[in-house]
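Asks: just coords:
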Ligand SMILES: Cc1ncc(C[n+]2csc(CCOP(=O)(O)OP(=O)(O)O)c2C)c(N)n1
Ligand SMILES: [Mg+2]
């Protein structure tokens, strides 16, 4: 044990033992002892402008890299400001770890008017997490960290919050023996794999749905698709698991009527790593009339809503590989049928979506295959969830389940910090941008070459549309907007409003090699889009 080491050191040393090299954070008097630990180690500290930004950055870091994103936040308001991104990470199965301080053990629950105090921080945050631990002694840290990483790596990943009491953070601690505990994912039994393989061999019109749980097993998914001759579709979270150029995929069109009809007509559907939630298919419920195989790491998801014929509680990649070994080869997907479904999914595109597609095509033309997009809750992103082609997984990110405005810019910052060699772009509406626009300051400070495409219709467009279609008079959906270019420049960012699609491509391309972020405003009423 080194002299003068405290709980704050021990917490950071354990993070290092688990491979964490970056934290997104805002310090305060309550986290000073944690900062003693941060100052002592080699951890990269990304100081942000608001804790919501820290939470979304950790989420973007995790989604891009596959490694947990970590935040260090203060008691009460610091953690509560991050509650929204923690909720987002919960609904989208993202491994985010938050180290927050909390008042002295002796004060917990007492309501004594201490600084930053809330009556019960544990209870306040717990429903938004897969794991909440209030840690009162440095000795509790190793087991808590092992539990968090077991959750991240072997189950459905969900955020974990450690509330570190002030007395724990300053208590003497041993940091010398910090080490990582490894765990493994569950595997399917041979009998269940045999049963699933039998169903696959017996099917005539099988289809497979790949969800966000498959983003790390694209090779196994492709091999399975080839040998089984099934037709694939992905959810938005699973975008790119099967490359959009693959002739056997319907791409991320799970919300498309033609795709849903094809699934209803299939005599076997295999759902892999997807909860088939409302925000995956945007209908009341999918219909499966044939046999149904479900593969998932999460026991409740495995049997929820759609009772499977065979349920495999197991890792997606190893299960797909085991099934590929067992099944017979020879079936070929029906190319004409795939073409017909694709055509029906893309006929009668409304004029507004055509505008979106023109802009998205410009983005796709200049974004390399390896590039990644972080999108917000804006109409252009809803079009893109369905339409934007991706050749690889972990390249298109959207705040799906929780549906939080303000996600894209900080998440893109986190994603770019995680993968600095990957060209990264944020796509955000004029409304959503204002929720977290202060993180422009973070992007400028860290010199991130991040294009931020602001899709400006001077409205909460999707909500205005909802009011209009239900005959509700518009209220609160056309706020007075700032001058976005001036706003970006005030932070020290570049800012442009291109006047053609080729100028837009040029602006994005230039932004990828700039020394800081570039706000690119594209107005929905731009003459070049009409
Ligand atoms: C935190 C949060 N508050 C409110 C909403 C409700 N909401 C969803 S979309 C939207 C409009 C967003 O406007 P903008 O970012 O300009 O995108 P547009 O729909 O105009 O493309 C609102 C207010 C939300 N999703 N998240
Ligand atoms: Mg808008």
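Replies: Cool, the structure landed. Predicted, not measured: the structure shown is a model, and the values here were computed from it. Ligands and ions are numbered 1, 2, ... in the order given.
Asks: since we're on residue 269, how many residues are nearby?
Replies: 29 (other Cβ atoms under 10 Å). To be clear about C-beta, it is placed using only N, CA and C from the backbone, and glycine gets the same treatment.
Asks: bridged to it, which residues?
Replies: Taking DSSP bridges as the rule, residue 269 bridges to residue 207, residue 292.
Asks: how about the residues of the protein by ligand 1?
Replies: 377-379, 403-405, 429-432, 455, 457, 459-463 (Cβ under 6 Å from any ligand atom).
Asks: buried subset of those?
Replies: The neighbour count (16 or more other Cβ atoms under 10 Å) marks 377-379, 404-405, 429-432, 455, 457, 459-462 as buried among the residues of the chain next to ligand 1.
Asks: residues contacting the closest residue in space to residue 493 that isn't next to it in sequence?
Replies: Using Cβ to Cβ, 6 or more residues apart in numbering and skipping the chain neighbours, the partner closest in space to residue 493 is residue 517 (4.6 Å). Applying Cβ atoms under 8 Å, 6 or more residues apart in numbering to residue 517 gives the contacts 440, 443-444, 448-452, 488, 493-494, 511.
Asks: which intervals of the chain have sub-threshold pLDDT?
Replies: The chain contains residues with pLDDT under 70 at 1-3.
Asks: contact residues of it facing ligand 2?
Replies: Residues of the chain found near ligand 2 (Cβ under 5 Å from the ion) are 429-431, 457, 459, 461.
Asks: how about 8 Å then?
Replies: 378-379, 429-432, 455-462, 524 (Cβ under 8 Å from the ion).
Asks: these two touch, right, residue 98 and residue 82?
Replies: Yes: at 6.4 Å, residue 98 counts as touching residue 82 under the criterion of Cβ atoms under 8 Å.
Asks: any common contacting residues for those two?
Replies: Contacts common to residue 98 and residue 82, judged by Cβ under 8 Å, 6+ apart, are 55, 71, 73.
Asks: mind putting those residues in a markdown table, distance to residue 173 included?
Replies: Listed next are the shared contacts of residue 98 and residue 82 as a markdown table, based on distance: Cβ to Cβ, whole Å:
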| residue | distance to residue 173 |
| --- | --- |
| 55 | 27 |
| 71 | 21 |
| 73 | 20 |
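Asks: so which of those is surrounded by the most neighbours?
Replies: Ranked by neighbours (other Cβ under 10 Å), these are led by residue 55, which has 34 neighbours.
Asks: my guess is it contacts residue 82. True?
Replies: Yes: if you go by Cβ under 8 Å, residue 55 and residue 82 touch, sitting 3.8 Å apart.
Asks: what is in contact with the two at once?
Replies: Counting by Cβ under 8 Å, 6+ apart, the residues touching both residue 55 and residue 82 are 71, 98.
Asks: relative to ligand 1, how far out is the residue nearest to residue 493?
Replies: 18 Å (Cβ to the nearest ligand atom, to the nearest Å).
Asks: show residues contacting stretch 166-176.
Replies: 1-2, 5-11, 13, 30-31, 33-34, 101-106, 135-138, 140.
Asks: who does residue 73 bridge with?
Replies: Beta-bridge partners for residue 73, by DSSP bridges, are residue 100.
Asks: tell me the contacts of it?
Replies: Counted by Cβ under 8 Å, 6+ apart, residue 73 has contacts 25-26, 31, 51, 54, 79, 81-82, 98-101.
Asks: so how far is the strand or helix carrying residue 14 from its chain's centroid?
Replies: Here residue 14, judged by DSSP states H and E, is contained in helix 7-17. Helix 7-17 has its C-alpha centroid displaced from the chain centroid by 26 Å (Cα atoms, centre = their mean, to the nearest Å).
Asks: just checking, what packs against it?
Replies: helix 32-40, strand 96-102, helix 141-154, strand 160-165, helix 166-170 (3 or more Cβ pairs under 8 Å, 6 or more residues apart in numbering; DSSP states H and E).
Asks: what's the neighbour count on the residue lying closest to residue 370 once chain neighbours are set aside?
Replies: Excluding the flanking residues, the one nearest residue 370 by Cβ to Cβ, 6+ apart is residue 422, at 5.6 Å. Residues lying near residue 422 (other Cβ under 10 Å) number 16.
Asks: taking the stretch 101-250 of the chain, what residue is nearest to ligand 2?
Replies: Nearest to ligand 2, among the residues of the stretch 101-250 of the chain, is residue 236, at 20.0 Å (Cβ to the ion).
Asks: need the three-state assignment for that residue.
Replies: coil (DSSP: H, G, I helix; E, B strand; the rest coil).
Asks: now do the contacts for the residue lying closest to it once chain neighbours are set aside.
Replies: Of all residues beyond its chain neighbours, the one nearest residue 236 is residue 385 (4.4 Å), with distances taken as Cβ to Cβ, 6+ apart. By Cβ under 8 Å, 6+ apart, the contact set of residue 385 is 236, 239, 252, 255, 375, 396, 398.
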